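# The following comprises the amino acid sequence and a computationally predicted model.
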Amino acid sequence: MHPTLTVERRDAILNLVVHEGAARVSELAERFDVSAATVRRDLEALEDRGELRRVHGGAVASEGREEGFRVAPSLT
């Protein structure tokens, strides 16, 4: 079951990005069954809070939040 509330979805996105190190907008949209525009707004809100950093096509964990990952070259 996917989170239905915005705050739940954003928390889940943040947890995924921190755990995986990075995530793509298209993958997040499919995973949470929302539009790419919704994911972009979620990523913008999380970036505004300093939780992650948006990059072209997705997001990466903010410094100090990553769990020992290497960012794929296509996401930088």
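Arrived safely, thanks for sending. In this text, all values refer to a predicted model and were calculated from it rather than measured experimentally.

# Low-confidence ranges, the chain, go.
Low-confidence regions of the chain, defined by pLDDT under 70, span residues 1-4, 64-76.

# quick one: the strands in it?
Counting by DSSP state E, the chain forms strands over residues 22-24, 52-55, 58-61, given from the N-terminal end onward.

# Throw those strands into a markdown table and include mean neighbour count, thanks.
For the C-beta atoms, the positions are set from N, CA and C on the backbone; glycine is no exception. Below are the strands of the chain laid out as a markdown table (neighbours: other C-beta atoms under 10 Å):
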| stretch | mean neighbour count |
| --- | --- |
| strand 22-24 | 21 |
| strand 52-55 | 18 |
| strand 58-61 | 23 |
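
# Can you lay out these as TSV showing distance to residue 5?
Conversion of these to TSV gives the following (distance: least, C-beta to C-beta, whole Å):
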stretch	distance to residue 5
strand 22-24	19
strand 52-55	19
strand 58-61	20
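
# which stretch among these comes nearest residue 10?
The stretch from the strands of the chain with the least distance to residue 10 (C-beta to C-beta) is strand 52-55; that distance is 10.1 Å.

# Can you tell me the strand partners of the closest one and which way each runs?
With DSSP bridges as the test, strand 52-55 is paired with strand 58-61 (antiparallel).

# Could you pull out the helices in this protein for me?
Per DSSP state H, the chain carries helices over the ranges 6-20, 25-32, 36-48.

# so which of the strands of the chain gets nearest residue 11?
Closest approach to residue 11 among the strands of the chain is made by strand 52-55 (12.0 Å; C-beta to C-beta).

# and that closest one, how far out from the chain's middle?
8 Å (C-alpha atoms, centre = their mean, to the nearest Å).

# and if you look at stretch 44-60?
Averaging C-alpha coordinates over stretch 44-60 and over its chain gives two centres that are 7 Å apart (C-alpha atoms, centre = their mean).

# What of stretch 21-32?
Mean C-alpha position of stretch 21-32 versus that of the full chain (C-alpha atoms, centre = their mean) differs by 7 Å.

# Go through it and flag the buried ones.
Under the neighbour-count criterion of 16 or more other C-beta atoms under 10 Å, stretch 21-32 has 21, 22, 23, 24, 25, 28, 29, 32 buried.
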